[in-house]
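Undergrad: Predicted model, plus sequence, below.
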Amino acid sequence: MMDRLTVETFEEFSSSDYGETTTYFVHTDHYVLISIPVWNWSFMWNFEAYSDEELKAACTKALTGPMFFEGAKEITERFYQYLLRGK
């Protein structure tokens, strides 16, 4: 059985200090794929496989490629809060 996909953009991040950085979220019942195409970056937020703290740490680590650690930590927290509202 195929999951239903929902695609959203993250407007709050697009108008931040990072310029027009459009971020996309592709939702299913089990995961969210977060994508920032201009950075060639994506992250799979799997709700069933890992705890929230493990996912936040992994997302922060993945974001330290295109940005510094403190910025990555801040953006990860903003993603997390956004995902909590959507659950």
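TA: Everything's here; your move.

Undergrad: Any idea which helix or strand in the chain has the lowest mean pLDDT?
TA: helix 11-14 (a mean of 60; mean pLDDT, DSSP states H and E).

Undergrad: Quick one: the strands in this protein, in order.
TA: 6-9, 24-27, 31-36, 41-46 (DSSP state E).

Undergrad: pull the CA atoms of the helix of greatest length in the chain into CSV?
TA: Counting residues, the longest helix found in the chain (DSSP state H) is helix 69-86. Presented in CSV, the C-alpha positions along helix 69-86 are these (Å, rounded to 0.1, in the frame of the first residue of the first chain):
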residue,chain,number,x,y,z
PHE,A,69,27.0,24.4,14.1
GLU,A,70,25.1,27.1,16.0
GLY,A,71,23.0,28.0,12.9
ALA,A,72,22.4,24.3,12.2
LYS,A,73,21.2,23.8,15.8
GLU,A,74,18.9,26.8,15.5
ILE,A,75,17.4,25.6,12.2
THR,A,76,17.0,22.1,13.4
GLU,A,77,15.0,23.3,16.4
ARG,A,78,12.8,25.4,14.1
PHE,A,79,12.2,22.4,11.8
TYR,A,80,11.4,20.3,14.9
GLN,A,81,8.9,22.9,16.2
TYR,A,82,7.3,23.0,12.7
LEU,A,83,7.0,19.2,12.6
LEU,A,84,5.5,19.1,16.0
ARG,A,85,2.7,21.5,14.8
GLY,A,86,2.1,19.2,11.8
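
Undergrad: quick one, it and strand 41-46 angle?
TA: 50 degrees (axes from the mean of the first three to the mean of the last three C-alpha atoms, to 10 degrees).

Undergrad: Now do helix 69-86: which elements does it pack against?
TA: Packing partners of helix 69-86 (3 or more C-beta pairs under 8 Å, 6 or more residues apart in numbering; DSSP states H and E): helix 11-14, strand 24-27, strand 31-36, helix 52-63. For every residue, glycine as well, the C-beta is placed using N, CA and C.

Undergrad: Centre-most residue in the chain?
TA: Ile34 (4.1 Å; C-alpha atoms, centre = their mean).

Undergrad: Now that one: closest residue in space, sequence neighbours ignored.
TA: Leaving out its chain neighbours, the residue that sits closest to Ile34 by C-beta to C-beta, 6 or more residues apart in numbering is Phe43, at 4.8 Å.
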